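Asker: Okay, sequence plus prediction incoming.
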Amino acid sequence: MDERTLRFRVGVVVLIAAIITGILVTRLGDMPFPGTSTYEVSVLFPTAPGVTVGTPVRKSGVSIGRVTQVELMKPSGVRVSTDIDSRYVILDSELCRIATASVLGDAVLEFVPGNAVVANPQQLTDGSEIQNGVVAGNPLDVLVNLETDMRIALRSIQEASNRVGQTASNLNAVVANNDDQLPRLFQKTEKALDQFNTTMSTINTVFGDPELRDGMKQSLNDVPKLLAEARVTLQNANEAFEGFKSVSERADRNLANLENFTKPLGERGGQIAENLDGSLSNVNQLLEQLVEFTDGLNSREGTLGRLMNDGELYDRLNRTLANAEDITSRIKPILDDVRIFSDKIARDPRQLGVKGAIDRRPLGVGTKPAVYNDGESYEPFTIDQTSWDSTPFPQE
């Protein structure tokens, strides 16, 4: 093998190793491939512990970019600039927090869904800035913060152990000084246990009765039924209370209406009383007059009394009315004749006076018969005195 071929092969191996090394560094070190397009997103944090240039940025555990700049703001706060791979989308509804990638405290930026629900979240573009960066708790900080609490807890445990030791010492002293009382204490304890056993035996005897157990079971089975009935009763009571409430509301409205009705009466009470007094006075006068009228009717001295009680006066009045009726029946023909006569005179006035006496024509010549509203015509007539009834009126 010649030297040139060997060098060529060595170069190829070195090139391949360099390429593999670059790929491994890029994949394992979360570094972007050369030529990958990115867009910048800035995040404002109150603090940025452990964040430096090159800190990885992740979303749902996937590396999407790197920190390019960490800037301290005035008067407080930190602005962290990141380059995000354009293949990944970040929404304005997501939060960015600083978390730890391992127990050693390596920082990492994570984009997580926000707590608030946004109807139409928008995609962040190049130059966007997130204001609400969050810093997650560090386990090491938690341990440091627990140092004071651990001291207090250990001190409390020590105090408790001291008290336990003191209590044990006191108990030993009591036992040592009361050797004669311990047997009596044990005897009383034994008696108490015997009484307890007797009580339990009595309870077993009572509750061991099959009838009693059946009765208790039946009672327990009836409890749901009783509860259901109680529930129905309470429901009926509630309905009754609702009815009472409705009745009370109606009563309140009626009382209010009655108050509105009686208020004008109370305001005009004096006038109403005067009107009632005057009306009662008029009624009394009317009653007095009615009494006088009835007394007059009942009395024989008055006109109506005499008319009602005197039979002769009643007969006279009856005869007078009969005579008046007869007179009117007799006067009616005369009135008819007078009407005809006056009509003839009106049609032929020459029948009266000198001209009528000189005229040789018989009476009624040249006159027209009278026509009245009833459509009948009457001829001229001459008054015949012999046709009159000269019978005198009957005398009473």
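Answerer: It's in.
Asker: CA-only coordinates of the lengthiest strand in the chain in CSV, if you can.
Answerer: Taking DSSP state E as the assignment, the strand of the chain that covers the most residues is strand 62-72. What follows is strand 62-72, C-alpha atoms only, in CSV (Å, rounded to 0.1, in the frame of the first residue of the first chain):
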residue,chain,number,x,y,z
VAL,A,62,-38.6,18.7,23.3
SER,A,63,-35.7,21.0,22.7
ILE,A,64,-36.9,23.9,20.5
GLY,A,65,-34.1,26.5,21.0
ARG,A,66,-31.4,28.1,23.1
VAL,A,67,-30.9,31.2,25.2
THR,A,68,-28.9,33.8,23.3
GLN,A,69,-28.8,36.7,25.8
VAL,A,70,-29.5,37.4,29.5
GLU,A,71,-29.9,41.1,30.3
LEU,A,72,-30.5,42.6,33.8
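Asker: Give me the sheet partners of it and which way each runs.
Answerer: If you go by DSSP bridges, strand 62-72 pairs up with strand 56-59 (antiparallel), strand 78-85 (antiparallel).
Asker: Redo those strands as a markdown table? Include distance to G278 and mean pLDDT.
Answerer: (C-beta placed from N, C-alpha, C; glycine too.) Formatted as a markdown table, these follow (distance: least, CB to CB, whole Å; pLDDT from 0 to 100):
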| stretch | distance to G278 | mean pLDDT |
| --- | --- | --- |
| strand 56-59 | 102 | 91 |
| strand 78-85 | 101 | 92 |
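Asker: got any ranges where the stretch 51-200 of the chain has weak pLDDT?
Answerer: 102-105, 137-146, 174-182 (pLDDT under 70).
Asker: For the longest strand of the chain, buried residues please.
Answerer: 63-68 (16 or more other CB atoms under 10 Å).
Asker: Which parts of this protein are strands?
Answerer: Going by DSSP E, the chain shows strands at 38-45, 56-59, 62-72, 78-85, 94-100, 107-113, 128-130, 134-135, 370-371, 377-378.
Asker: what does the second one contact?
Answerer: When you say that, I think you mean strand 56-59. Defining contact as CB atoms under 8 Å, 6 or more residues apart in numbering, one finds that strand 56-59 is touched by 30, 63-67, 82, 84, 88, 90, 94, 101, 108-111.
Asker: so what are the domain limits for the chain?
Answerer: Domain assignment for the chain, taken from automatic domain parsing, gives 1-31, 37-137, 325-387.
Asker: most tightly surrounded among these?
Answerer: Most buried of the domains of the chain, by mean neighbour count (mean count of other CB atoms under 10 Å): domain 37-137, with a mean of 15.
Asker: Among the buried residues of strand 62-72, which one sits closest to A160?
Answerer: V67 (50.1 Å; CB to CB).
Asker: List the residues that contact that closest one.
Answerer: 51-57, 80-82, 109.
Asker: Pick out the most distant pair among those.
Answerer: P56 and S81 (14.2 Å).
Asker: Can I get the strands of the chain in TSV including distance to I19?
Answerer: Shown next, in TSV, are those (distance: least, CB to CB, whole Å):
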stretch	distance to I19
strand 38-45	23
strand 56-59	23
strand 62-72	21
strand 78-85	21
strand 94-100	33
strand 107-113	28
strand 128-130	35
strand 134-135	39
strand 370-371	155
strand 377-378	158
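Asker: Of all these, which one comes closest to G243?
Answerer: Nearest of those (CB to CB): strand 107-113, 55.2 Å.
Asker: Using CSV, write down the CA coordinates of the closest one.
Answerer: Output in CSV follows, covering the C-alpha atoms of strand 107-113 (Å, rounded to 0.1, in the frame of the first residue of the first chain):
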residue,chain,number,x,y,z
ALA,A,107,-31.6,25.5,34.6
VAL,A,108,-33.9,25.0,31.6
LEU,A,109,-36.7,27.2,30.1
GLU,A,110,-40.0,25.5,29.5
PHE,A,111,-43.1,26.6,27.6
VAL,A,112,-46.2,25.2,29.3
PRO,A,113,-50.0,25.9,28.8
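Asker: chain center to it: distance?
Answerer: Chain-centre distance of strand 107-113: 50 Å, with CA atoms, centre = their mean, to the nearest Å.
Asker: got a list of contacts for it?
Answerer: 43, 48-52, 55-59, 64, 67, 80, 82, 90, 93-101.
Asker: Save the domains of the chain as JSON lines, and put in distance to T148 too.
Answerer: Converted to JSON lines, the domains of the chain look like this (distance: least, CB to CB, whole Å):
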{"stretch": "domain 1-31", "distance to T148": "38"}
{"stretch": "domain 37-137", "distance to T148": "17"}
{"stretch": "domain 325-387", "distance to T148": "138"}
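Asker: ok, back up a step: out of the contacts of strand 56-59, who's nearest P183?
Answerer: After measuring the contacts of strand 56-59 against P183 - CB to CB - the closest member comes out as A101, at 70.9 Å.
Asker: Next one: that closest one from V62, what distance?
Answerer: Counting by CB to CB, to the nearest Å, the gap from A101 to V62 is 13 Å.
Asker: same check, this time on Q158
Answerer: 50 Å.
Asker: the helices in this structure, which residues?
Answerer: 3-28, 139-177, 181-207, 210-267, 269-298, 303-309, 311-347, 353-358 (DSSP state H).
Asker: Nearest to M73, out of those?
Answerer: helix 139-177 (22.3 Å).
Asker: picking that back up, among the strands paired with strand 62-72, which is nearest R213?
Answerer: Between the strands paired with strand 62-72, strand 56-59 lies closest to R213; by CB to CB that is 68.0 Å.
Asker: Can you give me the end-to-end span of stretch 97-113?
Answerer: With CA to CA, to the nearest Å applied, stretch 97-113 spans 11 Å between its terminal residues.
Asker: Please give the centre-to-centre distance between that stretch and its chain.
Answerer: 54 Å.
Asker: Alright, calling it a day.
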